[in-house]
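Chemist: quick one, structure for this:
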Amino acid sequence: MSRVLPTILIIDDDLPTLALYERELSRDYRVLTCTNEHAALELFAAENLSAVVVEPAALGERGWSLVTTLKRAATPRAIPIVVCTTQDARRLGLELGASDYLVKPVLPTLLRRALNRVTEPS
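Modeler: Numbering: from 1, shown residues only. I've put the predicted structure just below:
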């Protein structure tokens, strides 16, 4: 019997980064990727996500507001958000409700550790 992998959504506009994370994390997670806010909100609403990884810089001015929107979304349970960004704005990310904050470049092993931390049952 195959195990059901937790689903994560990665939002970034850097296609090589998306491909790297998807390839490296797909052993442990079902990885969904997108490059824009509209697709992110659709996937967020339609999928049973275990976590979201977001690069606010990928969305320009709307990047940080997307973090706020996802954090405040009416869902049956809180979905952890990992900010993985080139921006050194840790305080802002954590104030907006990010569960973890990583400054790029981030190796897939570090992202996997962060996702394991935020998706483990308490």
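
Chemist: hey, which helix or strand in the protein has the poorest pLDDT?
Modeler: Here the helix or strand of the chain ranked lowest by mean pLDDT, DSSP states H and E is helix 63-72, holding a mean of 90.

Chemist: the following helix or strand past it pairs with which strands, parallel or anti?
Modeler: Next in sequence after helix 63-72, counting helices and strands by DSSP states H and E, comes strand 81-85. Paired with strand 81-85 in the same sheet, following DSSP bridges, are strand 49-54 (parallel), strand 100-103 (parallel).

Chemist: for the last one, C-alpha coordinates in CSV please.
Modeler: Extracted in CSV, the C-alpha atoms of strand 100-103 (Å, rounded to 0.1, in the frame of the first residue of the first chain):
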residue,chain,number,x,y,z
ASP,A,100,9.5,29.7,9.2
TYR,A,101,11.7,32.1,7.3
LEU,A,102,14.6,31.2,5.1
VAL,A,103,16.9,33.6,3.2
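
Chemist: for that strand, what is the average pLDDT?
Modeler: For strand 100-103, mean pLDDT is 96.

Chemist: which outside residues touch that strand?
Modeler: Strand 100-103 is contacted by residues 80, 82-88, 90, 93-94, 110-111, 114, 117-118 when judged by CB atoms under 8 Å, 6 or more residues apart in numbering. (Glycine included, C-beta is placed from N, CA and C.)

Chemist: so which bits of that strand are buried?
Modeler: For strand 100-103, a neighbour-count test (16 or more other CB atoms under 10 Å) marks 100-102 as buried.

Chemist: who's in contact with Leu96?
Modeler: Neighbour list for Leu96: 64, 67-68, 71 [criterion: CB under 8 Å, 6+ apart].

Chemist: weed out the non-buried ones from those.
Modeler: For the contacts of Leu96, buried by 16+ other CB under 10 Å: 64, 67, 71.
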